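Participant: any chance you could fold what I've pasted below:
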Amino acid sequence: MTIALRRLYEIVEASPLAKKIWVVDSYAAGHQTVQRMARELGSVTNLEIATIEGLARSRALPALAAGGLTYASRGETYWIVFSLMRSVATASWSGYVPPALVAPGVADRFHRALTELREAGVSSEDIAIEAFEQRAKGEYIRGLYSAYEQSLAQHRIVDFAGLSRLAAPARTDAATLFLLDGGVRLSEVGRAMLERLAGDRGALRIEPEPDFLAPESDFPIDAVDWFRALGPLAESKEALRRAAASGVPWDDCELLLSDYAGYVPALYGLCRRFDIPATFAGGLPIGYSELGKAALGYLDWLASGYRADALAGAMKLGGVRPPEDAEFRRSDAIRLLESSGIGWGRERYVLLTSNPYERDTDRVAAEWLDRLIRRWLLPVPAKASDWSAADVADGLAAFLADCRPPAAAADASVVAAVAELREQLGRWAADRIGAADALAVVRRRLTGCAVEADSSPQPGKLHVASIEQGGLSGRRFSIALGMSEEHWSASVRQDPVLLDDERARLSDALETSGSRALREREARGRRLGSIRGRVVFGYSSLRLAEDAESSPAYELLQLYRAARGEPEADFETLDAAIGEPSGWVGAGGFAADLEDGMTRALQTPDRMLRDGAAEVFRLFPSLAAGAAAVAARKEPIVGPYDGLVPSLAQAAAEGDGADGASPIRSFSASKLETYAKCPLLFFYQEVLGVRPKEIVEYDRTRWLDAMQRGQLLHDIFCEYMSETAKQGGHDRGRLEGICERKLLEAAARVPPPSPHIYAKECDAVRKDVAVFWRMESRRESKPRWFELELHKDEGSFALELADGFRLSLRGYVDRIDEVGDHRYKIIDYKTGQPKYYDEGAFYAGGTQIQHALYALAVEQWLRRTGADPEARVTEAAYAFPTERGLGEEVSRPQEGRRDDTVALLRRTLEAIRGGLFPPTDKPELCRRCDYAAVCGSHAEWKKHARAFPENRDRLAPLLEVNGSV
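Facilitator: The predicted structure is shown next:
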């Protein structure tokens with residue numbers, strides 16, 4: 001039982017029938033105190049809990065309604081100050097803070113200063129410019145204050161200070177007893193309000209609880225313990241260890257934090273990890289809710305210049321889902337967005353619907369995404385300078401409306417906070433302030449919101465509160481964290497708008513930084529004085545960010561002196577008494593988790609670690625399997641950990657010997673070449689179906705990526721050659737006209753980031769087209785077919801090879817020229833460099849098989865379709881019609897190589913059907929591989945494995961493929 005609580009109860013009991021109004025700092029503190037009083041002393045009747053603002057506002061409602069006035073809270077008057085600071089460019093006093101320099105944080109500082117002046121009873125007329133160190137500053141504050149007062153009068157708005165003349169005492173005040181919590185700090189205006197409301201009887205002040213170190217305090221000094229830890233995270237974990245080991249139920253424990261914002265993330269994470277039910281008096285940052293993360297993700301999207309990856313992240317966090325009857329999944333839509341090529345820029349989202357889609361489900365998903373994004377962008381003007389904070393809030397509300405319904409109280413808090421913010425901004429922040437400031441305003445307000453706030457302790461749950469909010473619950477076991485000097489000492493930094501000397505000259509009612517710090521420190525001491533039962537104090541002896549030691553607060557030394565009866569003890573004595581600091585892994589006592597238990601089991605008496613690999617592997621079989629895999633991969637023998645899949649070989653043995661027994665239903669030239677380069681890469685992509693995300697890199701210096709640019713050139717070449725074949729001759733003007741038209745079409749599909757980048761890349765394309773012209777003007781063959789699709793729709797082309805051996809093929813042939821009677825040449829355009837295509841390497845170890853494969857396929861296609869029943873493909877060429885390719889052409893004669901090609905294909909399929917997928921023997925290829933993070937050093941460990949005698953038989957088909965020249 002606390003001294004102040006007993007005094008309050010005596011007064012309440014003395015007047016059981018009278019109405020009693022108890023004025024406190026917050027309703028939560030009042031309710032906790034009443035509950036504790038009823039639990040420890042007895043029932044309480046006719047006691048109303050009120051704050052001075054709530055009381056004054058309720059008493060002013062009739063006058064507000066009669067006068068047609070609107071009340072604006074402190075949060076709402078901020079917008080008036082912000083708007084005035086941005087719109088006073090022509091005022092004579094506006095030079096001190098030009099509107100261009102007014103940011104939300106700057107406006108917040110001036111709003112606080114004006115609020116303090118107003119609640120101290122200082123009007124704009126009372127402000128003497130001579131009180132300020134700079135005349136320009138004094139003129140600015142007086143001018144801004146005067147404009148604020150005029151704005152209130154013009155718009156018939158009443159702020160807190162204005163309630164004093166409207167809040168009338170009730171008729172029953174003579175029978176009402178007003179009680180004031182002595183710990184409440186009332187401003188000059190607040191004091192006058194309370195005197196007006198309380199009438200002649202006045203308000204009876206209940207003296208606050210003494211400081212916990214004061215001689216008259218009943219703080220249980222004899223039941224105190226302390227510890228220190230290596231950082232706030234270790235300190236938080238040690239606190240939970242001690243609470244769990246105390247034997248006290250969770251709902252009889254309370255954690256008090258000197259730095260709530262700094263400690264609560266660690267405690268929240270630990271409580272989730274250990275499944276400890278807990279309430280958090282000050283709540284959690286909005287980012288601890290999934291919808292809160294999604295809301296911040298939406299703002300990040302706007303701030304990033306509409307980056308597609310930022311939007312995809314926000315959609316995932318928000319759980320944005322397609323309609324229940326949709327034929328596509330959310331993951332399909334997200335994949336479409338990430339691979340759309342948008343990258344960034346609001347105007348580039350046209351790519352969602354302008355891109356060609358082979359599948360109807362992709363097209364429907366793109367249209368659904370397009371509708372959503374248009375709805376989310378509708379409130380936000382296209383021109384950044386036209387944005388208001390209200391616009392951003394409207395867009396955010398539209399986005400959250402399409403997110404999943406709130407599944408938890410935290411998510412519901414986010415929705416409610418955004419709705420309240422939207423209503424507030426719609427009333428007070430509709431001015432066009434530009435994108436950067438509008439986003440800053442909304443983000444500042446949003447991040448200031450808390451979720452999962454339970455100001456009152458709940459049954460069955462540990463309660464976590466700041467020292468200012470806690471200490472009232474009366475729980476039997478309390479732990480105060482952050483008892484270091486840096487956290488316990490209140491800040492004495494001066495207000496940059498109203499310096500201490502300026503405050504002293506303006507009014508005695510304005511609090512200076514020193515008096516504020518002293519008041520806050522005293523308030524903490526009094527709140528700790530309310531604690532009873534067992535108490536533990538902890539602090540971090542190490543500041544991890546600075547890698548520096550931290551000292552305990554002076555109050556902790558005083559506490560030690562009183563508890564031990566050693567008035568002469570110093571910090572060195574305290575340090576020795578506390579002992580070794582606790583780390584993430586506890587040194588003794590209760591084991592909070594497996595890490596604590598394992599580490600203690602593996603420690604020697606002198607605190608050295610034993611070799612505990614066997615014990616770790618026993619407890620974690622997956623780690624044991626991983627260690628075995630790494631060890632096997634380092635061995636020269638190729639085995640199951642190196643991409644050998646016996647189950648595929650068994651399936652192939654039970655098949656019919658055709659490619660139907662392969663794990664791949666159809667092949668392309670690129671797939672076969674990938675297998676020859678790195679079978680393990682092929683396994684990841686084609687057998688497991690694991691692929692990296694196709695996310696466009698954010699790059700404002702580039703218009704088209706390599707794939708888009710290559711496709712553009714192919715389209716230009718294909719259309720020109722098709723027209724040339726129809727009209728029977730070359731025409732450079734026609735080629736250049738097609739080039740310009742295709743460039744415009746590409747710009748419509750993919751808006752360029754800037755005119756300069758667009759012009760630069762267009763010139764590069766024109767130069768490539770000029771190289772193509774020079775190549776074609778010298779060519780003697782006759783072009784016949786372009787962009788030939790060997791397969792049809794979702795099917796494949798059945799390529800017959802030999803003795804019933806067939807291959808299901810999918811692919812496009814860029815161009816087929818006629819070089820003589822029934823003789824043809826295949827041409828494949830490449831936008832890279834010819835140095836990788838050696839004239840002497842026909843197959844290049846199976847990594848260049850496209851020319852030979854397409855030669856067989858085109859020959860069969862021409863004969864089957866009747867285009868030329870006697871067709872023979874005698875040559876295949878890789879053409880490089882760009883500046884990088886220097887207009888070169890690498891030709892591969894096909895006559896006399898059919899049997900070699902069939903043999904190579906047969907051995908390739910045999911290796912695939914046999915489940916042979918070892919890593920490449922050329923580790924240098926891994927530097928450019930998307931799967932390098934998965935493989936690690938696998939290729940380096942096995943680079944000599946193919947030459948090892950014991951691997952030759954099992955890898956024979958693959959070795960033959962790689963040995964083909």
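
Participant: residue 595 - how many residues pack around it?
Facilitator: Neighbour count for residue 595, taken as other Cβ atoms under 10 Å: 13. Placement of C-beta: from N, CA and C, glycine included.

Participant: please look at it and residue 585 and confirm they touch.
Facilitator: Yes - with contact defined as Cβ atoms under 8 Å, residue 595 and residue 585 form a contacting pair (5.5 Å).

Participant: let me see the domain layout of the protein.
Facilitator: With domains defined by automatic domain parsing, the chain comprises 3-64+165-206, 74-159, 221-283+455-578, 286-451.

Participant: of those, which is nearest residue 873?
Facilitator: Smallest distance to residue 873 across these (Cβ to Cβ): 27.5 Å, for domain 286-451.

Participant: give me the mean pLDDT for the closest one.
Facilitator: On average, the pLDDT along domain 286-451 is 90.

Participant: of all the domains of the chain, which one is nearest residue 756?
Facilitator: Nearest to residue 756, of all these, is domain 286-451, at 15.1 Å by Cβ to Cβ.

Participant: returning to that earlier point: need the domains of the chain in a markdown table with mean neighbour count and distance to residue 627, can you?
Facilitator: Compiled in a markdown table, those are given as follows (neighbours: other Cβ atoms under 10 Å; distance: least, Cβ to Cβ, whole Å):
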| stretch | mean neighbour count | distance to residue 627 |
| --- | --- | --- |
| domain 3-64+165-206 | 17 | 53 |
| domain 74-159 | 17 | 52 |
| domain 221-283+455-578 | 19 | 26 |
| domain 286-451 | 19 | 33 |
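
Participant: tabulate these in JSON lines, adding columns for distance to residue 815.
Facilitator: Shown next, in JSON lines, are these (distance: least, Cβ to Cβ, whole Å):
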{"stretch": "domain 3-64+165-206", "distance to residue 815": "77"}
{"stretch": "domain 74-159", "distance to residue 815": "59"}
{"stretch": "domain 221-283+455-578", "distance to residue 815": "60"}
{"stretch": "domain 286-451", "distance to residue 815": "21"}
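
Participant: closest to residue 779 out of those?
Facilitator: Smallest distance to residue 779 across the domains of the chain (Cβ to Cβ): 29.9 Å, for domain 286-451.

Participant: check contacts around the nearest residue to residue 544 once chain neighbours are set aside.
Facilitator: Using Cβ to Cβ, 6 or more residues apart in numbering and skipping the chain neighbours, the partner closest in space to residue 544 is residue 231 (4.6 Å). For residue 231, the contact set (Cβ atoms under 8 Å, 6 or more residues apart in numbering) comprises 540, 542, 544.

Participant: can you report phi and psi for residue 231?
Facilitator: phi 110, psi 160 (degrees, to the nearest 10).

Participant: residue 628 now?
Facilitator: Reported as degrees, to the nearest 10, the phi and psi values for residue 628 are phi -60, psi -40.

Participant: where along the stretch 1-150 of the chain do the helices fall?
Facilitator: In the stretch 1-150 of the chain, the segments counted as helices under DSSP state H, counting those that start in this stretch are 3-14, 27-40, 52-67, 74-86, 104-119, 135-154.

Participant: next one: the residue of the chain most remote from its centre from residue 804, what distance?
Facilitator: Residue farthest from the centre of the chain, counting by Cα atoms, centre = their mean, is residue 821 at 64.4 Å. To residue 804, residue 821 is 32 Å away according to Cβ to Cβ, to the nearest Å.

Participant: cool, residue 727 as well?
Facilitator: Distance of residue 727 to residue 804, given as Cβ to Cβ: 45 Å.

Participant: go on, residue 629?
Facilitator: To residue 804, residue 629 is 40 Å away according to Cβ to Cβ.

Participant: ok, which stretches of the stretch 501-650 of the chain are helices?
Facilitator: Going by DSSP H, counting those that start in this stretch, the stretch 501-650 of the chain shows helices at 513-528, 554-564, 571-578, 594-601, 613-619, 621-634, 646-653.

Participant: may I see the ones you listed arranged in a markdown table, with mean pLDDT as well?
Facilitator: Formatted as a markdown table, the helices of the stretch 501-650 of the chain follow (pLDDT from 0 to 100):
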| stretch | mean pLDDT |
| --- | --- |
| helix 513-528 | 91 |
| helix 554-564 | 93 |
| helix 571-578 | 92 |
| helix 594-601 | 69 |
| helix 613-619 | 80 |
| helix 621-634 | 92 |
| helix 646-653 | 64 |
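
Participant: of all those, which one is nearest residue 798?
Facilitator: Using Cβ to Cβ, the nearest of those to residue 798 is helix 646-653, at 19.2 Å.

Participant: neighbour-wise, which of residue 629 and residue 804 wins?
Facilitator: More crowded of residue 629 and residue 804, by other Cβ under 10 Å: residue 629, with 15 against 9.
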